[in-house]
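A.B. asks: Requesting a structural model of the entry that follows:
(4 chains)
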There are 2 protein chains.
Amino acid sequence: MARALSVVGDRWTLLVVREAFLGTCRFDEFCHNVGAARHIIANRLAALVEADILQRVPLAPESRRQSYELTPKGRDLLPVVISLLQWGEKWAGPQLASPLRFLHEDGGTVTPELICDTCQSPTHPADLHPAFLPPASPA
Amino acid sequence: MARALSVVGDRWTLLVVREAFLGTCRFDEFCHNVGAARHIIANRLAALVEADILQRVPLAPESRRQSYELTPKGRDLLPVVISLLQWGEKWAGPQLASPLRFLHEDGGTVTPELICDTCQSPTHPADLHPAFLPPASPA
DNA sequence: CAGTATCCTCGAGGATACTG
DNA sequence: CAGTATCCTCGAGGATACTG
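C.D. replies: Model (predicted):
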């Protein structure tokens, strides 16, 4: 987890990732929507490309224009983003005018749950306790 | 989400919260396990108490000794911590000797899932798209 | 449009020592 | 044990202007 945080653990990086989930893909859009200085955004985007969370896709052969898109590794951050989002909406102040949700194909909203691998049902955080598992022994 | 990140969005804070989930509750334990300078830990613990994520519980009447414990708001961060943990283990390098898991009462490990509120089944991040919902209209 | 360059400030955070 | 105090450095990041 320390390593996960060393990649996405600063104020701007996760905001950039969230923007990418919202469909933002151009440099100036990131600058405008995230609201940080240009070289900060340039720096974060480069770091995220380096970390294989975003990838640059050229938009036209002879142009410098390009699109920043989430890689599979990046898309896998969605549960983190959604968990944080929901926690923020639940606890961090009065609800926003238009809360952000992620919708399934059938139009349903999505809720993050912690599913028990044994009983297959959603669990409550208070019912869980930490453990360090031994590495899976090769059979 | 920006507000959520303004509370827990720095390198140390989430590590402190994770420590708390692991059962750490004493000042010197946090210093040792998190590995940051003492005044940083003091600062983060105070901020987390201020944000109602941790609470101080006196251990003895005439002593300064106290225990830092997660509040309900703090315990609600578990999905964020677990999502980050799993993402880190999946993507951020070779697996650790003893991966950290959270266990349910029946001993089962727990997996973060995004459950569709309509079809009730786990979804894949690639099948989701963002939307800003209008605020619930009062009936 | 997609950056790079430059300047400047201030706060984060390490190291170390001290305190009731 | 649970902090506070002090000193010091360096990098984060805002503002602004420039470039192909």
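A.B. asks: in chain A, which spans are strands?
C.D. replies: With strands called from DSSP state E, chain A shows them at A:54-58, A:66-70, A:100-103, A:110-116, A:129-132.
A.B. asks: how about those, which one is nearest DNA strand D?
C.D. replies: strand A:66-70 (11.4 Å; Cβ to the nearest atom of the strand). (C-beta placed from N, C-alpha, C; glycine too.)
A.B. asks: The closest one close to chain B?
C.D. replies: No. Interface with chain B: strand A:66-70 contributes nothing (Cβ under 8 Å from any Cβ of the partner chain), its closest point being 9.1 Å away.
A.B. asks: I figured A:R38 hits A:C31, correct?
C.D. replies: Yes. Using Cβ atoms under 8 Å, A:R38 is in contact with A:C31, at 5.5 Å.
A.B. asks: who's more crowded, those two?
C.D. replies: Legend: neighbour count by other Cβ atoms under 10 Å in any protein chain shown for A:R38 and A:C31, higher for A:C31 (17 against 11).
A.B. asks: The worst-scoring helix or strand of chain A on mean pLDDT packs against which elements?
C.D. replies: None of the helices or strands of chain A scores lower by mean pLDDT, DSSP states H and E than helix A:2-8, at a mean of 83. Helix A:2-8 sits against helix A:13-21, helix B:13-21, helix B:78-91, with contacts defined as 3 or more Cβ pairs under 8 Å, 6 or more residues apart in numbering or on different chains; DSSP states H and E.
A.B. asks: At the contact with DNA strand D, which residues of chain A appear?
C.D. replies: Residues of chain A lying near DNA strand D by Cβ under 7 Å from any atom of the strand: A:10-12, A:36-40, A:64.
A.B. asks: would a markdown table of these with pLDDT and distance to chain B be doable?
C.D. replies: Shown next, in a markdown table, are those (pLDDT from 0 to 100; distance: Cβ to the nearest Cβ, whole Å):
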| residue | pLDDT | distance to chain B |
| --- | --- | --- |
| A:D10 | 83 | 7 |
| A:R11 | 82 | 5 |
| A:W12 | 90 | 9 |
| A:A36 | 92 | 11 |
| A:A37 | 93 | 16 |
| A:R38 | 94 | 19 |
| A:H39 | 95 | 20 |
| A:I40 | 94 | 14 |
| A:R64 | 82 | 28 |
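A.B. asks: ok, A:L85 - how many residues close by?
C.D. replies: By other Cβ under 10 Å, the residues close to A:L85 number 21.
A.B. asks: er, A:L5 actually
C.D. replies: A:L5 has 20 neighbouring residues, counting by other Cβ under 10 Å.
A.B. asks: List the contacts of A:W91.
C.D. replies: Counting by Cβ atoms under 8 Å, 6 or more residues apart in numbering or on different chains, A:W91 makes contact with B:4, B:73, B:76.
A.B. asks: out of those, which is most surrounded?
C.D. replies: B:A4 (22 neighbours).
A.B. asks: And the closest residue to that one other than its chain neighbours, how far from B:P72?
C.D. replies: Leaving aside its sequence neighbours, B:A4 sits nearest to A:G88 (Cβ to Cβ, 6 or more residues apart in numbering or on different chains; 3.1 Å). According to Cβ to Cβ, to the nearest Å, A:G88 and B:P72 sit 16 Å apart.
A.B. asks: Between the two, point out the one with more neighbours.
C.D. replies: Shown here are A:G88 and B:P72; by other Cβ under 10 Å, A:G88 has more neighbours (22 against 11).
A.B. asks: ok so, going back, the residue nearest to B:A4 contacts B:V8, doesn't it?
C.D. replies: No. Using Cβ under 8 Å as the test, A:G88 is too far from B:V8 to be in contact (9.3 Å).
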